[in-house]
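Novice: Sharing a sequence plus its predicted fold:
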Amino acid sequence: MKIESISVSTKKGTRKVQVVSANLVVNHGVEGDAHAGSWHRQVSFLSSENIEKTRNQGLDVTFGDFAENIATSGIDWKNIPIGTRVRLGETAVVEITQIGKECHKKCAIYYQAGDCIMPKEGVFGRVLEGGEVRCGDAVSLFLDSDPLEEKC
C-alpha cells in the first residue's frame, strides 16, 4: 500500500494539479488546498485502481481529475471503516470520517471528465498528526493501535 499521487487545487469543484509532496497540517488538511479547513473532510482519498478502471472505460482521466488529494494503490477505500486511522509516510496520520459523498449538482469534474467517481469510491478524513507526505510513501491502516495491513 503506497501513495501513487498527491494533488491540490486552489478552488473547490475543480480538477487538482499533481505535486510531488505536500504538507498535512493538524486539523486543517493539505496545505494550500481549497478543501483544507476546520471540518471533517480535510483530506480526500481515492484508489489508483478505480482511476485506472475509469480510464479503461474510455474516459480520458488521470490523477487529480476527480479532485482527490491522495491516490493510493492496494486499498479498497469504500470498505474501510469510519474511524480507521491512516499513516502516510513517516509522521502524518489521518482519521477516516466519511465514506463517499452526496453530490447535489454535477460539478465541473463531471462535465470535464464525463463522470465523477468520488461520490461512490472516495473517502474523506481529518488530519490528526501532520507532516510531509511524498509520492511513493508507504500507507498503513489501523484502528487505535491495531494494524489492519493484514486484513486489506
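Specialist: Noted; the coordinates are in hand.

Novice: buried sites along the lengthiest helix in the chain?
Specialist: As assigned by DSSP state H, the longest helix anywhere in the chain is helix 48-56. For helix 48-56, a neighbour-count test (16 or more other CB atoms under 10 Å) marks 48, 49, 50, 51, 54 as buried. Yep, even glycine has a C-beta here, placed from its N, CA and C like the rest.

Novice: What mean pLDDT does stretch 57-72 get?
Specialist: Averaging pLDDT along stretch 57-72 gives 88.

Novice: start to end distance for that stretch?
Specialist: The distance separating the two terminal residues of stretch 57-72, taken as CA to CA, to the nearest Å, comes to 20 Å.

Novice: now swap in stretch 82-95 and tell me
Specialist: With CA to CA as the measure, the ends of stretch 82-95 fall 8 Å from one another.

Novice: Report the buried residues of that stretch.
Specialist: Within stretch 82-95, the residues scored as buried using 16+ other CB under 10 Å are 84, 85, 86, 87, 88, 89, 92, 93, 94, 95.

Novice: partner residues bridging the nearest residue to the fifth one once chain neighbours are set aside?
Specialist: Going back to what we said before, that points to residue 88. The spatially closest residue to residue 88, leaving aside those adjacent along the chain, is residue 133, at 4.6 Å (CB to CB, 6 or more residues apart in numbering). With DSSP bridges as the criterion, residue 133 is bridged to residue 22.
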